[in-house]
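sharing a model prediction with you, sequence too.
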Amino acid sequence: MNTQKQLLTKEKLEFHSNLPKRHVGILGGTFNPIHLGHLVIAEQVYEQLCLDKVLFLPDKIPPHRGVKKTIPDIKSDDRIEMIKLAIRDNMHFDLDLTDIRRGGVSYTFETIKLLKDLNPNTEYYFIIGGDMVENLPKWSHIDELIKMVHFVGVCRKGFEEKSKYPILWVNTPEMEISSSMIREKVKQGQSIKYLVPDDVAWYIKDRGLYRE
């Protein structure tokens, strides 16, 4: 590395070190579709941990499903548009397309590494359900990942609030809503009002999603 590049690197590091730390939550998932349960969790974590914002980060291909087709094959564009509709009235929610743009299987380690490289002055808080905490030992590069991100566990009945990894536990209202439930209701021609934001329900109906 020449002297000029060394100086530029030093200046960049000094610049970032002088900026105030930002604290940003990440809620990942397929969001197929996004529903009120997602929004409640994101809002509660935002408030309880005093975060600056929460990013909704849709997967391209979730690693726990591999490449097996177990969910309806709707376009990523539809999932993205539904997220935009669901969060547009909340100023501290935002959409992040890191995994969608990168393509392939969405591994959390790769996502966080990229985000940290792009935003070295940001502390990230990765939100997971209490049922997922016990599977953390199986996550790719987990020992490196826990040094890069704070894990936030959403408490759930039937799952112990303990782990060999550091977890920030957050209590949220329990809502028995899932994307699979919503897809099944749409397929059966049943109402999904009050399960998803009205604009999302309209989008699903207008696009004819999940009917088959």
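Yep, that arrived.

and Lys84, how many neighbours?
Neighbours of Lys84 under the rule other C-beta atoms under 10 Å: 15. Placement of C-beta: from N, CA and C, glycine included.

so which elements touch the strand or helix carrying it?
In the assignment (DSSP states H and E), Lys84 maps to helix 76-87. Counting contacts by 3 or more C-beta pairs under 8 Å, 6 or more residues apart in numbering; DSSP states H and E, helix 76-87 packs against helix 36-48, strand 53-58, strand 93-95, helix 198-207.

low pLDDT regions in the protein?
Within the chain, the segments meeting pLDDT under 70 span 1-19, 64-73.

hmm, back to that, now do the helix holding Lys84 against helix 36-48, angle only.
Computed by axes from the mean of the first three to the mean of the last three C-alpha atoms, to 10 degrees, the angle separating helix 76-87 from helix 36-48 equals 50 degrees.

where along the chain do the helices fall?
Secondary structure of the chain (DSSP state H): helices at 3-17, 36-48, 76-87, 98-102, 108-118, 130-133, 142-145, 179-187, 198-207.

switch the ones you listed over to JSON lines; also include distance to Asn171.
Shown next, in JSON lines, are these (distance: least, C-beta to C-beta, whole Å):
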{"stretch": "helix 3-17", "distance to Asn171": "34"}
{"stretch": "helix 36-48", "distance to Asn171": "8"}
{"stretch": "helix 76-87", "distance to Asn171": "22"}
{"stretch": "helix 98-102", "distance to Asn171": "28"}
{"stretch": "helix 108-118", "distance to Asn171": "23"}
{"stretch": "helix 130-133", "distance to Asn171": "10"}
{"stretch": "helix 142-145", "distance to Asn171": "24"}
{"stretch": "helix 179-187", "distance to Asn171": "22"}
{"stretch": "helix 198-207", "distance to Asn171": "26"}
